[in-house]
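**Student:** Prediction below, plus the sequence it came from.
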Amino acid sequence: MRRLLPVLALVLSAPAWGGEVRVRAVPGALVGAVAAAEAGDRLRLAPGTHDGPVVIDRPLTVEGEGGARPRVDGGGEGSVFLVTAPDVTIRGLEIVGSGSGHEEIDSGVRLLEGAKRALIEDNRLLGNLYGVDIHGAQDAIVRANVIEGRRDRRMNDRGNGVYVWNAPGAEVVGNDIRWGRDGVFVNTSRANVFRGNRFRDLRFAVHYMHANDSTVADNVSIGNDLGYAVMFSRGVTIAGNASIGDRAHGIMLNYANDSRVEGNLVQGGEDRCLFIYNAHKNTILGNRFEGCAIGVHFTAGSERNEIARNAFIGNRTQVKYVGSRWVDWSVDGVGNHWSDHAGFDLDGDGIADAPYRPNDTMDRILWTQPAARLLLGAPAVQLVRWAQRAFPALLPGGVIDPAPLMAPPPLPEPAWDIAK
């Protein structure tokens, strides 16, 4: 028997064939409708403001009625929606008013372990501490939402747009995420997909920690502290993304192994386009690194990485690498394009006839002793640089591209719209 008596004055039911309930925008109606609903019901919220917080403990659909976007306000207490049941859909709402507790991860929508196959779609989550927390919920989908975080705290004290913890199969697709701390922060998870999102005004656009066998593709990061940070993870594909004007790094591989970085654009970074730190057996292929202070900073014993068919264009320093042995940056006889390489191609095969060595001994001195820049114009310094160019055997080791490309390889057609 349906438990509608306590809320008859608040909820207008659909016809007797059932399954659909219209919920009026009056105090207590939404909480009462959820308590009275049966598994599989569809709750359609009338325009206006509905009060929360709301706990959903059975499979339900909660959505806006018609073209309206009703507001659900948590009143500053806990998570606005806390979902513990499988197969729940929350769609077409404006969700505001979470609490401010990091310990309980107060969120616009919080999906706990039982919330398998949840769908959070086409909502506006505004000003919550965390936007969506996928906390152990397998195969959850967060799609086509606008998520705007807090601006009333220091950035590191805010919550993330989407937080993924131990949630295999979770997908975050086509969202517009702004403010808060990190756009997507994933920790101790696997087999996740983060695709087609836009990230602005954040610390990190995508932040990986101990998360394996996942995909970050076709996203755009604009003006964040850092674009795509993959840390302590393996088997991650980073493909077709854009990082535009991110301040510290466009892409960072930190203790990231057996991963693939392909077809990305990093442009206009204040510091490094690409930072590789103690990262091994990665493939870095067909990317464009353009207009950064450093094209790629390669350090901390990173080994057995394949780096080819990339374009390094107009970076103040193309490569920063300190090492005592030569590192070959070509694959199967094909290297990278370097905008500052005065190469020639007599046989017309598209590969320069002379190798490219981005750094010399003076570069290393300048990295370790910045005050030495005062001597750059001295004849002795110019003589050392000329001698190393004329007699490469004098160089102590470093990056060498034996087959530099004469022209930059084209990037695939972008799946993102920077001006959107």
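**Tutor:** Yep, that arrived. All values derive from a computational prediction rather than experimental measurement.
**Student:** Could you list the low-pLDDT ranges of the stretch 301-420 of the chain?
**Tutor:** By pLDDT under 70, the low-scoring segments of the stretch 301-420 of the chain are 323-324, 359-397, 414-420.
**Student:** Ok, the chain next?
**Tutor:** 1-18, 300, 323-324, 359-397, 414-420.
**Student:** let's see it at 90
**Tutor:** Within the chain, the stretches with pLDDT under 90 are 1-19, 65-68, 152-153, 298-303, 320-327, 342-343, 357-399, 411-420.
**Student:** Need the residue closest to the centroid of the protein.
**Tutor:** For the chain, the residue nearest the mean C-alpha position is Val206 (2.4 Å; Cα atoms, centre = their mean).
**Student:** quick one: what helix or strand has that one in it?
**Tutor:** strand 204-212 (DSSP states H and E).
**Student:** what about the helices in the stretch 251-400 of the chain?
**Tutor:** 361-368, 379-390 (DSSP state H, counting those that start in this stretch).
**Student:** quick one: contacts for Ile222?
**Tutor:** Arg198, Phe199, Arg200, Ile244, Gly245, Asp246, Ile418 (Cβ atoms under 8 Å, 6 or more residues apart in numbering). In this view, the C-beta of every residue, glycine as well, is placed from N, C-alpha and C.
**Student:** same deal with Asn315?
**Tutor:** By Cβ under 8 Å, 6+ apart, the contact set of Asn315 is Cys273, Phe289, Glu290, Gly291, Cys292, Ala293, Ile294, Gly295, Ser339.
**Student:** ok, so what distance separates it from Ser339?
**Tutor:** Remark: distance between Asn315 and Ser339 (Cβ to Cβ, to the nearest Å) = 8 Å.
**Student:** and what of Tyr321?
**Tutor:** 18 Å.
**Student:** Next: Ser98.
**Tutor:** 48 Å.
**Student:** And these two? Which one has more around it.
**Tutor:** More crowded of Ser98 and Ser339, by other Cβ atoms under 10 Å: Ser98, with 33 against 13.
**Student:** so how far is Tyr208 from the more buried one?
**Tutor:** With the distance defined as Cβ to Cβ, Ser98 ends up 25 Å from Tyr208.
**Student:** do Met252 as well
**Tutor:** When distance is defined by Cβ to Cβ, Met252 is 10 Å away from Tyr208.
**Student:** got it, and Asp246?
**Tutor:** Asp246 is 16 Å from Tyr208, by Cβ to Cβ.
**Student:** quick one: contacts for Gly223?
**Tutor:** Counted by Cβ under 8 Å, 6+ apart, Gly223 has contacts Arg200, Asp201, Ile244, Gly245, Asp246, Arg247.
**Student:** if we go to 7 Å?
**Tutor:** Arg200, Asp201, Gly245, Asp246 (Cβ atoms under 7 Å, 6 or more residues apart in numbering).
**Student:** what do Met252 and Tyr208 both touch?
**Tutor:** Shared contacts of Met252 and Tyr208, counting by Cβ under 7 Å, 6+ apart, come down to Ala229, Val230.
**Student:** Show me which of those two is the more surrounded one.
**Tutor:** More crowded of Met252 and Tyr208, by other Cβ under 10 Å: Tyr208, with 30 against 23.
**Student:** what bridges to the more buried one?
**Tutor:** Val186, Val230 (DSSP bridges).
**Student:** wait, it sits on Val236?
**Tutor:** Yes. The pair Tyr208 and Val236 qualifies as a contact (Cβ atoms under 7 Å) at a distance of 6.5 Å.
**Student:** Can you work out which residues contact both of those two?
**Tutor:** Val230.
**Student:** Please save the CA atoms from whichever strand or helix holds Thr237 in PDB.
**Tutor:** Using DSSP H and E, Thr237 sits within strand 236-239. Written as PDB, here are the backbone C-alpha positions of strand 236-239 (Å, rounded to 0.1, in the frame of the first residue of the first chain):
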ATOM      1  CA  VAL A 236      46.100   6.500 -18.100                       C
ATOM      2  CA  THR A 237      45.300   7.900 -21.600                       C
ATOM      3  CA  ILE A 238      45.400  11.700 -21.900                       C
ATOM      4  CA  ALA A 239      44.200  12.500 -25.500                       C
END
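**Student:** Following element in sequence after it, please.
**Tutor:** strand 242-244.
**Student:** Provide the strand pairings for that following strand, with the direction of each partner.
**Tutor:** Using DSSP bridges, the strands paired with strand 242-244 are strand 220-222 (parallel), strand 265-267 (parallel).
**Student:** mind giving me JSON lines with those strands and columns for distance to Gly169?
**Tutor:** Below are these laid out as JSON lines (distance: least, Cβ to Cβ, whole Å):
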{"stretch": "strand 220-222", "distance to Gly169": "24"}
{"stretch": "strand 265-267", "distance to Gly169": "28"}
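**Student:** For Ser259, find the nearest of these.
**Tutor:** strand 265-267 (16.0 Å; Cβ to Cβ).
**Student:** gap between that closest one and the chain center?
**Tutor:** Relative to its chain's centre, strand 265-267 lies at 14 Å (Cα atoms, centre = their mean, to the nearest Å).
**Student:** and Gly127, what is it in contact with?
**Tutor:** Counted by Cβ under 7 Å, 6+ apart, Gly127 has contacts Val96, Glu148, Arg150.
**Student:** Kindly indicate which of those residues lies nearest Gly169.
**Tutor:** Glu148 (26.3 Å).
**Student:** Next, the closest one: phi, psi?
**Tutor:** phi -120, psi 120 (degrees, to the nearest 10).
**Student:** what's around it, how many residues?
**Tutor:** Glu148 - counted by other Cβ under 10 Å - has 20 other residues nearby.
**Student:** what's the answer for Lys116, then?
**Tutor:** For Lys116, the neighbour count with other Cβ under 10 Å is 17.
**Student:** Same check on Met406?
**Tutor:** So Met406, with other Cβ under 10 Å, has 16 neighbours.
**Student:** Give me the distance between it and Glu63.
**Tutor:** 56 Å.
**Student:** Just to be sure, Gly32 is in a strand?
**Tutor:** No. Counting by DSSP: H, G, I helix; E, B strand; the rest coil, Gly32 is not found in a strand; it is helix.
**Student:** thinking again about what came up before, out of the contacts of Ile222, the closest to Phe185 would be?
**Tutor:** Phe199 (11.6 Å).
**Student:** Please name the residues that touch that closest one.
**Tutor:** Ile177, Gly183, Ala205, Asn219, Ser221, Asn224.
**Student:** rewinding a little: quick check: the residue nearest to the centre of the chain touching Ala217?
**Tutor:** No. In this structure, Val206 is not within contact of Ala217 by Cβ under 7 Å, at 10.5 Å.
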